[in-house]
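[1] just a sequence and a predicted model for now, questions to come.
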Amino acid sequence: MNLKSSLTNELAWLLISLVVWCGITIMWSLDGEGISLRFFKLAALLSLGILAISLWWSAILGSGTEFRRGFISGVAVGAAVVVVAILYAKLTGTALWGTFYFDPLTTLNSSAVILALFIWPVVMIAGRESPYYMLLPLLIVFPILVMLPSGAALAALLLGVFTIMIRLIFRRVGGVAIAMSAAFLVITAPYVISASGAERYMEPSVVNDTSLSIPYSARHRLAMWAFAAEKIHEKPLLGWGFGSSRYIPQEDRRLAPNMEIMPLHPHNLALQTRLELGLPGVMILAALVFTVFYRLATFTDDPWKSGIAMAAASGWLFVANVSYGMWQSWWIALAFLLAVLMKISFYVQPAKREIRD
């Protein structure tokens with residue numbers, strides 16, 4: 001199987017479909033001001049991501065000459081993005097991604113999450129001599145994440161380890177089952193939230209009850225997810241439109257005078273997709289998630305390689321469903337960067353042991 005051509009083409013078509021549908025939903029979006037600029041930034045970012053993956057994978061899977069050409073092309077694309085970002089910030093006074101604090105490039109936040117995700121290429125490279133060496137980076141990073149105030153990062157790492165175990169124990173069948181489960185959860189997220197009883201946390205007296213053992217941050221997450229599910233049921237087919245999350249009326253649903261029930265977005269990839277893009281949007285996202293996980297589960301017979309690749313994808317998808325907004329540029333760019341680094345880690349690791357399913 002030619003992983004480069006098949007996966008890149010499928011991802012490209014699915015991402016194009018997502019962008020096209022986003023553009024269509026602008027017609028009924030609540031976000032009137034600046035929506036066109038945000039849409040074109042999204043389209044440009046996704047296009048650059050696909051180009052970066054295509055260039056790097058062409059380089060790594062090709063000959064020495066192709067590798068050098070692809071490497072130079074990849075560096076050139078990255079440098080061009082940096083130049084554009086600096087010029088954009090200088091001319092407009094705002095950053096191309098993130099929040100502008102007198103730094104044209106800004107600084108990527110959530111270092112714990114980045115550490116939890118980028119450990120997987122390191123694990124792959126560390127295992128070049130023996131699978132046992134793969135444990136060393138994990139043993140170093142795990143106590144660091146325990147000490148950092150990011151439950152999402154620690155959970156992402158543990159989920160990655162669990163994903164590897166499933167792939168090792170149940171082999172390819174386990175990997176395909178993960179792909180199907182991930183896509184299924186993306187589609188059913190609003191119904192899972194509605195059935196969970198999370199709506200009780202939308203009451204200020206409950207979410208602010210200090211006697212509850214569940215942390216306030218988790219209570220607030222459940223409240224905003226329940227609110228998002230409620231609004232999804234109001235417009236289940238076409239959604240509220242691209243970028244509408246922050247503009248959905250909610251003043252009468254505040255959890256406190258200084259606390260909105262849903263600040264900016266639901267902090268959940270699946271819910272935000274269904275909320276803004278409706279059923280067509282979430283079906284495209286589910287197809288995208290399934291394609292990525294299925295390809296990672298089947299592109300090799302080595303369960304270690306497949307499992308570690310799936311661990312990185314599982315961690316990113318988990319954090320995307322508990323922490324960030326789906327249109328945050330740095331978070332989207334991080335996914336493409338992680339994909340490139342994972343592929344590089346496959347290249348530098350000699351294929352000394354091959355475990356057949």
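    Ah, there it is. Numbers count the residues shown, from 1 in each chain.
[2] near Asn301, how many other residues are there?
    Quick fix: residue 301 is Asp, not Asn. By other Cβ atoms under 10 Å, the residues close to Asp301 number 13. From N, CA and C alone the C-beta is placed, and that goes for glycine too.
[3] ok, it to Arg167 distance?
    11 Å (Cβ to Cβ, to the nearest Å).
[4] repeat for Leu341
    19 Å.
[5] do Ser196 as well
    Taking Cβ to Cβ, one finds Ser196 at 28 Å from Arg167.
[6] which one of Leu341 and Arg167 has more residues nearby?
    Using other Cβ under 10 Å, the more surrounded residue of Leu341 and Arg167 is Arg167, with 28 against 18.
[7] looks like that one contacts Ser306 (just checking).
    Yes - in terms of Cβ atoms under 8 Å, Arg167 counts as a neighbour of Ser306; the distance is 5.6 Å.
[8] shared neighbours, these two?
    Gly175, Ala297 (Cβ atoms under 8 Å, 6 or more residues apart in numbering).
[9] tell me the contacts of Gly49?
    For Gly49, the contact set (Cβ under 8 Å, 6+ apart) comprises Leu15, Ile332, Ala333, Ala335, Phe336.
[10] and it, how far from Gly239?
    Counting by Cβ to Cβ - Gly49 and Gly239 are separated by 23 Å.
[11] same question for Pro204.
    27 Å.
[12] which one's more surrounded, these two?
    Applying other Cβ under 10 Å to Pro204 and Gly239 shows that Gly239 carries more neighbours, namely 26 against 16.
[13] how would you label that one: helix, strand or coil?
    coil (DSSP: H, G, I helix; E, B strand; the rest coil).
[14] can you read off the pLDDT for the residue lying closest to it once chain neighbours are set aside?
    Leaving aside its sequence neighbours, Gly239 sits nearest to Gly278 (Cβ to Cβ, 6 or more residues apart in numbering; 3.2 Å). Listed pLDDT for Gly278 reads 96.
[15] contacts only, for Gly278.
    Contacts of Gly278 (Cβ under 8 Å, 6+ apart): Thr25, Lys235, Pro236, Leu237, Leu238, Gly239.
[16] list buried residues within those residues.
    Thr25, Lys235, Leu238, Gly239 (16 or more other Cβ atoms under 10 Å).
[17] tell me which two in the residues you listed are the farthest apart.
    Thr25 and Lys235 (10.6 Å; Cβ to Cβ).
[18] from His233, how far off is Thr25?
    On the measure of Cβ to Cβ, Thr25 and His233 end up 18 Å apart.
[19] and what of Leu264?
    21 Å.
[20] and for Leu135?
    46 Å.
[21] where does the prediction get shaky in the protein?
    1-8, 32-34, 52, 54-79, 81-82, 95-110, 129-130, 149, 348-357 (pLDDT under 70).
[22] top helix in it by residue count?
    helix 151-196 (DSSP state H).
[23] and the next element down the chain from it?
    helix 204-207 (DSSP states H and E).
[24] outside of that next one, which residues touch it?
    Arg200, Tyr201, Leu212, Tyr216, Arg219, His220, Ala223, Arg254, Leu255, Ala256.
[25] so which of these belong to helices?
    Tyr216, Arg219, His220, Ala223.
[26] quick one: those residues as CSV, columns for neighbour count and distance to Ala311 too.
    As requested, the ones in helices among the contacts of helix 204-207 are exported to CSV (neighbours: other Cβ atoms under 10 Å; distance: Cβ to Cβ, whole Å):
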residue, neighbour count, distance to Ala311
Tyr216, 13, 30
Arg219, 18, 29
His220, 21, 29
Ala223, 24, 31
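[27] what's the spacing between the residue of the chain positioned farthest from its centre and Arg219?
    Of all residues in the chain, Ser211 has its C-alpha farthest from the mean position, at 33.8 Å, by Cα atoms, centre = their mean. Applying Cβ to Cβ, the value for Ser211 to Arg219 is 12 Å.
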